[in-house]
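1. Got a predicted structure here, sequence first:
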Amino acid sequence: MAIQHRYEFMILFEATDSNPNGDPDAGNAPRTDPETGHGLITDACTKRKIRDYIARAHAGRPKYGIYVQSGAVLARTKSDAYSALGLDVVAGESEEGAEQSEAEQSVPAPAPKGKVAKGKAVKLSAEDRKARVEAVRRKMMADYADIRFFGAVMSNAVDAGQVRGPVQLGIARSVDPVMPTALALTRCAVETEREAEAQGGGNRTMGKKWIVPYGLYVQRGYIVPSLAEDTGFGEEDLAILWEAIVRMFDDDRSAARGGMAVREVIVFKHENRLGKARAHELFDRVKIVRKDPGKPARAYADYTVFVDDMPTGVECLRIE
């Protein structure tokens, strides 16, 4: 059964001597707002962490596969879903024939498991095409947690429709401006003889590593029951979402992200599906204050976080 309550939430997480989300178009420097200097982290970055945690912690569990994985061929995954249902694959928008009218749309013949279908086309009526795509869309939502949570566009190449997910995240922003710092590095070894000759035998290669000395970031999220009704996002999914958010950095360590930690998730639970207050009014009730404004923050303990009283019909939950 889908969830019956609306939720908003705020994720409070910190970056200590880390690069939380480097920008490949800026030499992998930490992302910042150019006007204010506040640090930024994309929603896609956080969703990747959530996906990776679920893939590790719930591997092999029915309903908790991950659709968007590194190196995955998405058309193959969708073709496998068609095969599992015993259906011919419906071609998507990027396949030949996509400009045909809906009634004339054709599909390739079934292909072996793990391969994208190709070959002799089978004519489909508009109703049959719609029914097949919907059946596969339902199966994809049932099998893959990230589709059920975040949604997905699955209409390219192999058509499995589109899903608008009930869980949506905004861009994370640091509470205070951050100071991206480039650390100069030297390497005492080189890769090739040519590099060694070019450096006169010194074997010293220069490089740099970007970090944020400290930043406390806030990311806002939303869970919409009407969308959960479509995807089947239920109470078990909700519990796994909170688990994944709180622990998303625990098994995602690297030299660039050694100081990442979720400190708290502040959740606003409404007593009904439509909600009892507007989201921005609830977010405004969270106050994050630096204890000593005269000195740069370097730890979570440098801040005080408190929440004003809730309006009638809204419960505040704090998950650590």
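-> Yep, that arrived.

2. Relative to Ser174, how far out is the closest residue to Arg173 other than its chain neighbours?
-> In this structure, Arg173 finds its nearest non-sequential neighbour in His38, 5.2 Å apart by Cβ to Cβ, 6 or more residues apart in numbering. Where you see a C-beta, it was placed from the backbone N, CA and C, and this is true even at glycine. If you measure His38 against Ser174 using Cβ to Cβ, to the nearest Å, the figure is 5 Å.

3. Tell me which of the two has more neighbours.
-> Ser174 (25 against 18; other Cβ atoms under 10 Å).

4. what's stretch 17-24 in contact with?
-> Residues outside stretch 17-24 that contact it (Cβ atoms under 8 Å, 6 or more residues apart in numbering): 28-31, 39-42, 45, 209-215, 217, 256-260.

5. What residues sit buried inside it?
-> Neighbour-count burial for stretch 17-24 flags 18-23 (criterion: 16 or more other Cβ atoms under 10 Å).

6. Among the residues you listed, which lie within strands?
-> Among those, the ones falling in strands (DSSP state E) are 18, 22-23.

7. could I get these as CSV with distance to Ala157?
-> CSV is the format used below for these (distance: Cβ to Cβ, whole Å):
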residue, distance to Ala157
Ser18, 37
Gly22, 30
Asp23, 29
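
8. Closest one of those to Lys287?
-> Ser18 (25.5 Å; Cβ to Cβ).

9. for that closest one, which residues make a bridge with it?
-> Beta-bridge pairing for Ser18 (DSSP bridges): Val212.

10. Next: the one 5 residues further on.
-> Assessed by DSSP bridges, Asp23 has beta-bridge partners Ala29.

11. if I look at it, how far off is Ala196?
-> Using Cβ to Cβ, Asp23 is found at 33 Å from Ala196.

12. try Glu243
-> Glu243 is 50 Å from Ala196, where distance means Cβ to Cβ.

13. same deal with Tyr82?
-> For Tyr82, the distance to Ala196 equals 55 Å [Cβ to Cβ].

14. likewise Glu35?
-> From Glu35 across to Ala196, the span is 46 Å (Cβ to Cβ).

15. more neighbours, those two?
-> Between Glu35 and Ala196, counting by other Cβ under 10 Å, Ala196 is the more crowded of the two (14 against 6).

16. which strands and helices sit next to the one helix or strand Asp146 maps to?
-> Take DSSP states H and E as the rule and Asp146 turns out to sit in helix 145-150. Helices and strands touching helix 145-150, by 3 or more Cβ pairs under 8 Å, 6 or more residues apart in numbering; DSSP states H and E, are helix 43-57, helix 126-143, strand 167-169, helix 225-231, helix 235-247.

17. average pLDDT across the third one?
-> Just to be clear, that refers to strand 167-169. What strand 167-169 shows for mean pLDDT is 98.

18. where does the closest residue to Gln69 other than its chain neighbours land on pLDDT?
-> Of all residues not flanking Gln69 in the chain, Ala55 sits nearest, at 6.9 Å (Cβ to Cβ, 6+ apart). Listed pLDDT for Ala55 reads 96.

19. From Phe13, how far off is Ala55?
-> For Ala55, the distance to Phe13 - Cβ to Cβ - is 20 Å.

20. Out of these two, name the residue with the larger neighbour count.
-> More crowded of Ala55 and Phe13, by other Cβ under 10 Å: Phe13, with 25 against 17.

21. give me phi/psi at that one?
-> The phi/psi pair for Phe13 (degrees, to the nearest 10) reads phi -140, psi 160.
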